[in-house]
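>>> Structure, please.
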Amino acid sequence: MTEPQPLDLPIDGQLDLHTFRPQEVRGLLHAYLDACRERDILEVRVIHGKGTGTLRRIVHSQLGRRDDVIAYRLAPDASGWGATLVTLAPNKT
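Alright, predicted model coming up:
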């Protein structure tokens with residue numbers, strides 16, 4: 001079996017998880033949030049979709065485990081509970 005190729009995701013404060021399997025989300029979410037903090041992007045939108053709620057539950061579970069997450073909430077806009085807004089703590093330098 002060949003190794004998966006690294007993804008080239010833009011680090012722009014918006015992560016769309018629609019194309020990822022639930023088992024891929026944990027590592028991807030943590031890596032993306034780390035990359036955002038390195039770039040001082042402290043407001044992040046994670047799009048997990050509405051669906052069955054599986055991705056939303058995974059995202060919220062992982063966010064609750066991070067010390068650098070100040071707050072997270074469902075997006076109050078038209079996406080409803082299909083996206084989560086995350087506020088990250090700045091890097092201490």
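>>> where along this protein do the strands fall?
Using DSSP state E, the strands assigned to the chain run over residues 14-16, 43-47, 69-74, 83-88.
>>> Would you mind pulling up the elements that the first one packs against?
Contacting strand 14-16 under the criterion 3 or more C-beta pairs under 8 Å, 6 or more residues apart in numbering; DSSP states H and E are the following elements: helix 22-38, strand 43-47. From N, CA and C alone the C-beta is placed, and that goes for glycine too.
>>> Pick the most deeply packed of the ones you listed.
Greatest average neighbour count among the helices and strands packed on strand 14-16 goes to strand 43-47 (a mean of 18), per mean count of other C-beta atoms under 10 Å.
>>> Next, the angle strand 69-74 makes with that one.
40 degrees (axes from the mean of the first three to the mean of the last three C-alpha atoms, to 10 degrees).
>>> ok so, going back, is it possible to get JSON lines of the strands of the chain that adds distance to residue 62 and mean pLDDT?
Output for those, formatted as JSON lines (distance: least, C-beta to C-beta, whole Å; pLDDT from 0 to 100):
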{"stretch": "strand 14-16", "distance to residue 62": "12", "mean pLDDT": "97"}
{"stretch": "strand 43-47", "distance to residue 62": "10", "mean pLDDT": "97"}
{"stretch": "strand 69-74", "distance to residue 62": "9", "mean pLDDT": "97"}
{"stretch": "strand 83-88", "distance to residue 62": "10", "mean pLDDT": "97"}
